[in-house]
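**Student:** curious how this folds, go ahead:
(2 chains)
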Amino acid sequence: MTVRVRFAPSPTGFLHVGGARTAVFNWLYARRAGGTFLLRVEDTDRARSRPEHTQAILDGLAWLGLDVDEGPVFQADGVERHRRDALHLLGQGAAYRCFCTAEELAARREEAKRAGSGYGYDGRCGRLDDAASDARADAGEPFAIRVRAPREAIGWEDMIHGPMSFLAGSIDDFIILRSDGTPVYNLAVVSDDAEAAMTHVIRGDDHLSNTPKQILLYRALGRPLPAFGHVPLILGSDGKRLAKRHGALSVLAYRDEGYLPAGIVNFLALLGWSPGDDREVFDVGGLIEAFSIRRVLKKSAVFDLEKLGWLNGRHIADAPAAGLSGAVVDILGREARDEGRDLTETHPGLENSPERLARIIDLVKGRPRTLPALARQVSPFFAADIRYDEDAVKRFWKRPEETSFHLRRLAERLAGEAAFRDVQTLESEVRGLAAELEVGAGRVINPLRVALMGQGVSPGIFEVLEAMGRERSLARVRAAARTLDARVATA
RNA sequence: GCCCCCAUCGUCCAACGGCUAGGACACCACUCUUUCAAGGUGGAGAUAGGGGUUCGAUUCCCCUUGGGGGUACCA
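**Tutor:** From the prediction side, this is the model:
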């Protein structure tokens, strides 16, 4: 039998990281098994469901690269079938009409709570004889439909938790069809999963206590049971269930902050799962190959932004330059527009020299953790004018007078080079100057880095000189000297 | 209240019932006499507590504690 799994979010919000991880596990399971991954939008809560949320979920999955084989199907489209299933159960005697009103039930629950006891439905309407029930229904009295919960314990073999069991009597006769004729969640899920022939239901731990209710519905309906697997929840740094206050939660927010889908998927997969050895950096293909639902933990995991950053950095470093250049152009272009300028103005040549851009990206991509950080490293190689980072200036341009002098001497010396083609030569020139000046090489190199990059971080400075080229490098060094002179004058 | 789940460094993961409890992120130090958001080396850092079972328990069982989920005519 081929594997059929589904991801079934409610369109009541965006695709958040918790949902995304459930989707990742389902998708990985399907891909690993050569099965089918279905998307079902559980939109039966009309009050909270919104079409734009459905779109956001679709966009989120697409961005992550979790391609859907079937669907999206919408739960609301199955309402007629849900109703038929409820009525079928009623006809079979596996369910009964309940004439208790919502108000009565709330009052009884309140009272039970006050008395400090449990408050499952007492089954009183289930004891009505058929004639009485029919008469009241015929008289037009509104009713909901409840299933008759079995008296024995309900258990199953969970793919993640192993043997699971709920005590006899711990499940009450719950409502499956409201008095307005609309189905309740547990019925809709079972009806839909059975209809779509799901073989495995992999979902969050929060559904653990729904499972026995659903199992009894499968049995009552005479439908084959899927295998269940309940993946642990993701917690915030305070150990509480991940919520909005823990920060950016929509996966698209991570996209906007410059994370790579491969980095997010890798990170999410590692939350509650490991291949069993020390490997941590995986591309998507590697994840599919290594994934096993048996190795998913029972324990909930805390979302650690630091580790996501590190992992994303690894993915940026591993990504081919061609796959990164579009993002760099976009980011720098957006920044230019924010200043009311144009990219051809702020970064001339960036868009029409793809080979040079690729070379620069390959040079700098080992360090940054996000796309904007990558763009910041690329920027100086194309920027029409340099901007000096406050902290870098404070740290490496501490002696403006001396540094200005050093930089001028360096410019003179480097100007003797016809072309900046050889990294070794460049290095010996810079070191030679430092020796001549009788200062440590770092005393020249660090200020030079700020002059060229405007930042305190860069690849090896000699590679930077070479990649930046003769004209631009000399211009930057001279401009830095002028800037420093101006500072001395105003000081 | 009742039902259910969970418990290894701060965090994410390892450890057929058997080496000194291992790796990663973060942190600290050193290093790359060139920066760090990169690399390398080293360091600190955990089996929640108590009982069992066993020659031997992170591992199996029980209790306690702690955390989480559910307990709707929400999904």
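**Student:** from the stretch 201-350 of chain A, which residue is nearest to RNA strand B?
**Tutor:** Per CB to the nearest atom of the strand, A:Ser274 is where the stretch 201-350 of chain A lies closest to RNA strand B, at 2.7 Å. (Each C-beta comes from the backbone N, C-alpha and C, glycine too.)
**Student:** and that residue, what does it touch?
**Tutor:** Under the criterion of CB atoms under 8 Å, 6 or more residues apart in numbering, the contact list for A:Ser274 reads A:Arg295.
**Student:** secondary structure element for A:Pro72?
**Tutor:** A:Pro72 belongs to strand A:70-74 when assigned by DSSP states H and E.
**Student:** tell me which other helices or strands that strand touches.
**Tutor:** With contacts taken as 3 or more CB pairs under 8 Å, 6 or more residues apart in numbering; DSSP states H and E, strand A:70-74 sits against strand A:36-41.
**Student:** next SSE downstream of the strand it packs on?
**Tutor:** Per DSSP H and E, the first helix or strand lying C-terminal to strand A:36-41 is helix A:51-64.
**Student:** what about the strand holding A:Pro72, distance to the chain center?
**Tutor:** From the chain centre to the centre of strand A:70-74 is a distance of 21 Å (CA atoms, centre = their mean, to the nearest Å).
**Student:** before we move on, back to that, backbone dihedrals for the residue of the stretch 201-350 of chain A closest to RNA strand B, please?
**Tutor:** Per-residue torsions, A:Ser274: phi -150, psi 160 (degrees, to the nearest 10).
**Student:** next, work out how far apart it and A:Ala321 are.
**Tutor:** For A:Ser274, the distance to A:Ala321 equals 30 Å [CB to CB, to the nearest Å].
**Student:** now swap in A:Glu306 and tell me
**Tutor:** Separation of A:Glu306 from A:Ala321 (CB to CB) stands at 26 Å.
**Student:** neighbour count for these two, which is higher?
**Tutor:** A:Ala321 (18 against 8; other CB atoms under 10 Å).
**Student:** for that one, give its distance to A:Tyr259.
**Tutor:** Noted for A:Ala321: a distance of 18 Å to A:Tyr259, by CB to CB.
**Student:** next: A:Phe99.
**Tutor:** Taking CB to CB, one finds A:Phe99 at 54 Å from A:Tyr259.
**Student:** the more surrounded of these two?
**Tutor:** Comparing A:Phe99 with A:Tyr259 by other CB under 10 Å, the one with more neighbours is A:Tyr259, at 23 against 18.
**Student:** doesn't A:Ala373 make contact with that one?
**Tutor:** No: at 11.0 Å, A:Tyr259 and A:Ala373 do not qualify as touching, with contact defined as CB atoms under 8 Å.
**Student:** okay, buried residues for stretch A:459-472 please.
**Tutor:** Neighbour-count burial for stretch A:459-472, counted by 16 or more other CB atoms under 10 Å, picks out A:459, A:461-462, A:464-468, A:470, A:472.
**Student:** from the chain's centroid, how far away is it?
**Tutor:** On CA atoms, centre = their mean, the centre of stretch A:459-472 falls 37 Å from that of its chain.
**Student:** now do whichever strand or helix holds A:Pro212: distance to the chain's middle.
**Tutor:** According to DSSP H and E, A:Pro212 maps onto helix A:211-221. Remark: helix A:211-221 is offset 32 Å from the chain centroid, using CA atoms, centre = their mean.
**Student:** next: stretch A:145-159.
**Tutor:** On the basis of CA atoms, centre = their mean, stretch A:145-159 sits 34 Å off its chain's mean C-alpha point.
**Student:** same deal with stretch A:423-441?
**Tutor:** Worked out by CA atoms, centre = their mean, stretch A:423-441 lies 47 Å from the chain centre.
**Student:** return the list of helices and strands in contact with the helix or strand where A:Leu414 lies.
**Tutor:** Element membership for A:Leu414, per DSSP H and E: helix A:400-415. Helix A:400-415 sits against helix A:423-437, helix A:441-453, helix A:470-490, with contacts defined as 3+ CB pairs under 8 Å, 6+ apart.
**Student:** and the angle for the shortest one with helix A:423-437?
**Tutor:** Taking axes from the mean of the first three to the mean of the last three CA atoms, to 10 degrees, helix A:441-453 and helix A:423-437 form an angle of 120 degrees between their directions.
**Student:** could you measure from the closest residue to A:Gln424 other than its chain neighbours over to A:Arg449?
**Tutor:** Distances taken as CB to CB, 6 or more residues apart in numbering place A:Phe462 nearest to A:Gln424, at 7.9 Å, with adjacent residues excluded. For A:Phe462, the distance to A:Arg449 equals 11 Å [CB to CB].
**Student:** one step back: assign the residue nearest to A:Gln424 to helix, strand or coil.
**Tutor:** At A:Phe462 the chain is in helix, as set by DSSP: H, G, I helix; E, B strand; the rest coil.
**Student:** test my guess that it contacts A:Val423.
**Tutor:** Yes: the pair A:Phe462 / A:Val423 is scored as a contact, 4.7 Å apart, by CB under 8 Å.
**Student:** let me have the helices and strands packed on helix A:400-415 in TSV, adding mean pLDDT as columns.
**Tutor:** Formatted as TSV, these follow (pLDDT from 0 to 100):
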stretch	mean pLDDT
helix A:423-437	89
helix A:441-453	93
helix A:470-490	88
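**Student:** looking at the ones you listed, which is closest to A:Phe291?
**Tutor:** Nearest of these to A:Phe291, taken as CB to CB: helix A:441-453 at 41.0 Å.
**Student:** list the buried residues in the helix or strand bottoming out on mean pLDDT in chain A.
**Tutor:** Here the helix or strand of chain A ranked lowest by mean pLDDT, DSSP states H and E is helix A:102-114, holding a mean of 85. Buried residues in helix A:102-114, counting neighbours by 16+ other CB under 10 Å, are absent.
**Student:** that one and RNA strand B in contact?
**Tutor:** Yes: applying CB under 7 Å from any atom of the strand, one finds helix A:102-114 touching RNA strand B at A:102, A:105-106, A:109.
**Student:** quick one: the helix or strand following that helix near RNA strand B?
**Tutor:** Sequence order places helix A:130-138 as the next helix or strand after helix A:102-114, per DSSP H and E. No: with CB under 7 Å from any atom of the strand as the criterion, RNA strand B is not reached by helix A:130-138; the gap is at least 12.4 Å.
**Student:** pull out the buried positions in helix A:130-138.
**Tutor:** Judged by neighbour count (16+ other CB under 10 Å), helix A:130-138 contains these buried residues: A:133, A:136.
**Student:** and that helix, what does it pack against?
**Tutor:** Against helix A:130-138 (3+ CB pairs under 8 Å, 6+ apart) you get strand A:95-98.
**Student:** and the contacts of the strand it packs on?
**Tutor:** By CB under 8 Å, 6+ apart, strand A:95-98 touches A:86, A:89-90, A:121, A:125-126, A:128, A:133, A:136-137, A:143-148, A:173, A:175-176, A:220.
**Student:** report the mean confidence score over that strand.
**Tutor:** Average pLDDT, strand A:95-98: 95.
**Student:** return the list of strands paired to it, each annotated with direction.
**Tutor:** Strand pairing for strand A:95-98, determined by DSSP bridges: strand A:144-147 (antiparallel).
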